[in-house]
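> with the input below, show me the fold.
(one chain, ligands or ions: 2)
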Amino acid sequence: MSDCLFCKIIKGEIPSKKIYEDETVYVFEDIEPTAPVHYLVIPKEHISKLDEITAENSGVISHIYEVIAKLAKDMGLKEGFRVVSNCGEHAGQSVFHIHFHMLAGRDFGWPAG
Ligand code: 5GP
Ligand code: ZN
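Numbering: from 1, shown residues only. Ligands and ions are numbered 1, 2, ... in the order given. Down below sits the predicted model:
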């Protein structure tokens with residue numbers, strides 16, 4: 001997707017603070033963090049949003065959760081953390097390349113706002 005912000009970040013056309021990268025996943029700091037730790041975890045493959053996950057492309061999503069678990073372990077996030085993926089405008093999605101917010105370093109309320 002040539003006009004996708006996160007595809008441009010993956011390609012390095014837009015700078016980002018990289019936390020982790022492998023063949024299929026890219027992790028970087030959110031530009032407007034809402035917690036002391038606020039990472040965005042994205043597949044390198046362009047998938048617009050959560051309801052476009054299928055049997056054909058879900059492998060990268062399970063890998064994303066492996067990456068999140070490894071990062072949490074490496075960072076010692078023993079007090080807990082939160083993962084959020086907003087799907088669609090009503091849920092607050094503003095960038096239409098699927099992403100998982102990884103949030104930590106403070107208490108989080110529930111139910112979600
Ligand atoms: P959404 O609102 O779609 O769930 O999350 C999009 C996130 O992308 C927001 O938290 C926003 O701060 C972040 N974001 C938007 N543009 C950029 C950017 O150019 N660089 C980075 N690192 N994050 C961005
Ligand atoms: Zn994209």
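
> ok, then the element right after the helix ranked longest in the chain?
If each helix of the chain is counted by residues according to DSSP state H, the longest one is helix 58-75. Scanning forward in sequence from helix 58-75 by DSSP states H and E, the next helix or strand is strand 82-84.

> pairing partners for that next one, with directions?
Paired neighbours of strand 82-84 in the sheet (DSSP bridges): strand 100-104 (antiparallel).

> list the buried residues for the strand it pairs with?
For strand 100-104, the neighbour count (16 or more other CB atoms under 10 Å) marks 100-104 as buried. Every residue, glycine included, has its C-beta placed from N, CA and C.

> over to stretch 6-25?
Using 16+ other CB under 10 Å as the test for burial, stretch 6-25 gives 6-10, 16, 19, 25.

> ramachandran angles for Phe28?
The phi/psi pair for Phe28 (degrees, to the nearest 10) reads phi -150, psi 160.

> test my guess that it contacts Leu40.
Yes. In terms of CB atoms under 8 Å, Phe28 counts as a neighbour of Leu40; the distance is 5.8 Å.

> next up, phi/psi of Ile9, please.
phi -60, psi -40.

> what residues are up against it?
15-16, 26, 28 (CB atoms under 8 Å, 6 or more residues apart in numbering).

> Asp74 and ligand 2: what is the separation?
In this view, Asp74 and ligand 2 are 26 Å apart by CB to the ion, to the nearest Å.

> tally of neighbours for that residue?
9 (other CB atoms under 10 Å).

> and Lys73, by the same measure?
10.

> got the residues of the protein near ligand 1?
5, 14, 16, 28-32, 40, 86, 92-95 (CB under 6 Å from any ligand atom).

> with respect to Ile64, which of those residues is nearest?
Ile64 lies nearest to Leu40 out of the residues of the chain next to ligand 1, by CB to CB, at 10.9 Å.

> Glu79: which of the contacts of Ile9 is nearest?
Among those, and counting by CB to CB, the member closest to Glu79 is Phe28, at 22.9 Å.

> list the contacts for the closest one?
Counting by CB under 8 Å, 6+ apart, Phe28 makes contact with 9, 16-19, 39-40.

> just the ones of those in strands?
In this view, the contacts of Phe28 that belong to strands under DSSP state E are 18-19, 39-40.

> that concludes my questions; thank you for your assistance.
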